[in-house]
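Novice: Only the shape, not the letters, is given here:
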């Protein structure tokens, strides 16, 4: 899905300066450095632990790593040719502000690519999704891109190979910055303002946030094994996909499968004996 969407970023020249916002452990960045030298790529994330994991990856050794917020990027205006953010917008408190920051940091004529999930259609899946994190509606992506000032907006829908009918599971959407400067309506977020928001959080808001984290974590628990099961049922159905783009299980998923397999064997043994 990452590779399908990165096409919209037009990483077609090795001299491009690219900023990857909400880069996390560098999964999206690994796709970027296939096209652009790592020395030309800057990774931004608010988690030092995630950045530390990304730094350990050999292909990302020469990237620049910055601790920062997607809604308040520590970069100069008009300083990058490309902006990408994948699997991050669903965690942003204010997506419109994040897209205006994307506009600000790229040069005139530069392209910004946003990749994220789309709110599920089914009522149960939609409830679990929106309890877990923000799953934007399809039209909201277009509103945010236009609201930030981007033009020549393009998009592609994407989904895991095991999703039936290639339904609208996720979206990659890109836009071009027409003129230099900040986005229309852009407002800087100062550290003082952020501190004030945290300080003024009411007790009721804190309780609401606590239960949202607990319930959201439980909701997320159902998504992870669901994806794993979907992958297993679709083994052998990726022959039409280029080898470099085929989905593979990571080490954690393999460990879960091994543990579940051992538990199943143990249960069967107990039942039989």
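Specialist: Thanks, I have it. Keep in mind that this is a model prediction, so the values were computed, not measured. Numbering: from 1, shown residues only.

Novice: Tell me the secondary structure at residue 85.
Specialist: The local conformation at residue 85, judged by DSSP: H, G, I helix; E, B strand; the rest coil, is strand.

Novice: next one: residue 179
Specialist: Here residue 179 is coil, with the state taken from three-state DSSP.

Novice: how close does it get to residue 110?
Specialist: Distance of residue 179 to residue 110, computed by C-beta to C-beta, to the nearest Å: 11 Å. (C-beta placed from N, C-alpha, C; glycine too.)

Novice: The two - which one has more neighbours?
Specialist: Of the pair residue 179 and residue 110, residue 110 is the one with more neighbours under other C-beta atoms under 10 Å, namely 24 against 9.

Novice: Quick check: phi and psi on that one?
Specialist: Here is the backbone geometry of residue 110 (degrees, to the nearest 10): phi -70, psi 160.

Novice: got it, and the one 10 residues further on?
Specialist: Residue 120 adopts backbone torsions of phi -60, psi 150, taken as degrees, to the nearest 10.

Novice: Make sure residue 261 is indeed in a helix.
Specialist: Yes. Secondary structure of residue 261 (three-state DSSP): part of a helix.

Novice: Outline the domain layout of this protein.
Specialist: Listed by automatic domain parsing, the domain ranges of the chain are 2-188, 201-272.

Novice: contacting residues for the residue nearest the centre of the chain?
Specialist: By C-alpha atoms, centre = their mean, the chain has its centre lying nearest to residue 87, at 1.0 Å. Taking C-beta atoms under 8 Å, 6 or more residues apart in numbering as the definition of contact, the neighbours of residue 87 are 22, 24, 27, 28, 115, 116, 117.

Novice: what's the closest residue to the fourth one other than its chain neighbours in contact with, if anything?
Specialist: By that I understand residue 28. Leaving out its chain neighbours, the residue that sits closest to residue 28 by C-beta to C-beta, 6 or more residues apart in numbering is residue 86, at 3.9 Å. Taking C-beta under 8 Å, 6+ apart as the criterion, residue 86 is in contact with 2, 5, 20, 22, 27, 28, 113, 115, 116.

Novice: Cool, thanks, talk later.
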